[in-house]
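Undergrad: Quick one, structure for this:
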Amino acid sequence: MTDPRIFRLPYPVRPASVHTAWARQESFEWFTKQGMLTNDADKAAFQSWDLTSLMGMSARGASANGVLMAANCLNFCGVVDDVYDGPRWKDATAARRGAERLCGVFEGEQDDWVLARGFAGVWSQLSAGRSPQWCARAAEHWRWYFECFEAESLLGQQELQISQQDYLDLRLRSGFTLAIFDWLEAAFDFETSERVQRVPEVRRMLELGALVVSVTNDVHSVEKEAIHGGTPNMVLLIERDEECSREEALERTCAWMRQQCAEIIKLDSRLADACLAAGVPLVEIEGAERVVRAMEDLISAGVPWGEATGRYRRLNKWQDPLLDGE
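TA: From the prediction side, this is the model:
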């Protein structure tokens, strides 16, 4: 387990939402009812991940249903990731077909596959009451995540032959953190406007924040992935490229994250001015500030969550109904 002191990120860890325990149980029961947790081992693994606490720390001021909705989104990705990491989806063709079936939910397609049915439920919760423009953006971020299944399958066959920059570009899509920002907006029941999303400084901050969250996960998961193989990881890429020890690679990875956080803080100091210069009305600037604050909480929450989670202590073997994605 990685020593949390190695991170030294500039954002304080804050208490989780008072609704976290309730949302944790409700989410577990929902996934069980949907048929995505089919045996005692899978149920124990799901509970040990405690992804709900990550959303509880990131959506501290949201309603109980808001925390639950965000938790269901993240827990779904946790289940899908572990199915994808299994042997059947090492086949890139199967990975692509699974992604196509999941994306079919956006077109209203009916699918008996348990993951497609489960995602239809998650998407219904997330998109309820949201504007068409917001739903289009959120769906695009989900598609990025699903469509990376095939790319990561192919990479797994190439023994990590990918550059650090290409890996970061992939992680912006495969890491689903940009999607998490959408979930947090929905949890807090607000929407950032398209005008805000187009401000270069806002876009840069969200992309940097997404990468910090994803690479924090890489630090936590490096030992599992070094043993398991097949999954690119920033720590392992630095270790390979810079011919250094694992300990040195961890230090350099965390130093890189602190550099990104420093740039976020610098951009944040002129966020309002940048929005005004881009013609964003004052009433919409509040949305930009709210999503940045939620992003900061997500970054800080990743450190204690990664220290406590059981997600990287078990190579999960999910049952065949979940794997039937070809």
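Undergrad: helices and strands of the chain: which one has the lowest mean pLDDT?
TA: When the helices and strands of the chain are scored by mean pLDDT, DSSP states H and E, helix 320-323 comes last with a mean of 50.
Undergrad: Buried ones in the lengthiest helix in the chain, by neighbour count?
TA: Assignment by DSSP state H gives helix 200-228 as the longest helix of the chain. Neighbour-count burial for helix 200-228 flags 201-202, 205-225 (criterion: 16 or more other CB atoms under 10 Å). Using the backbone N, CA and C atoms, a C-beta is placed for each residue, glycine as well.
Undergrad: With stretch 152-172 instead?
TA: For stretch 152-172, by 16+ other CB under 10 Å, it's 152-153, 155-156, 160, 162, 167-168, 170-172.
Undergrad: Out of the residues you listed, which sit inside helices?
TA: Going by DSSP H, the helices hold 152-153, 155-156, 167-168, 170-172 from these.
Undergrad: Rebuild those as a markdown table, extending it with distance to residue 70 and pLDDT.
TA: Output for those, formatted as a markdown table (distance: CB to CB, whole Å; pLDDT from 0 to 100):
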| residue | distance to residue 70 | pLDDT |
| --- | --- | --- |
| 152 | 24 | 80 |
| 153 | 28 | 79 |
| 155 | 29 | 75 |
| 156 | 29 | 67 |
| 167 | 27 | 91 |
| 168 | 25 | 94 |
| 170 | 24 | 91 |
| 171 | 20 | 91 |
| 172 | 20 | 91 |
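Undergrad: Quick check: buried residues in the helix or strand hosting residue 292?
TA: Here residue 292 sits within helix 282-308, counting by DSSP states H and E. For helix 282-308, burial by neighbour count (16+ other CB under 10 Å) applies to 284-285, 287-292, 294-303, 305-306.
Undergrad: Next, the angle helix 200-228 makes with the following helix or strand past the longest helix of the chain.
TA: As assigned by DSSP H and E, the chain's next helix or strand after helix 200-228 is helix 234-241. With axes from the mean of the first three to the mean of the last three CA atoms, to 10 degrees applied, the angle from helix 234-241 to helix 200-228 works out at 70 degrees.
Undergrad: list the buried ones in helix 234-241?
TA: Going by neighbour count (16+ other CB under 10 Å), the buried part of helix 234-241 is 234-239.
Undergrad: Grab the two from the residues you listed that are most spread out in space.
TA: Greatest spatial distance among the buried residues of helix 234-241 (CB to CB): 234 and 239, at 9.6 Å.
Undergrad: Distance-wise, check the nearest residue to residue 174 once chain neighbours are set aside relative to residue 214.
TA: Distances taken as CB to CB, 6 or more residues apart in numbering place residue 148 nearest to residue 174, at 3.6 Å, with adjacent residues excluded. Here residue 148 is placed at a distance of 12 Å from residue 214 (CB to CB, to the nearest Å).
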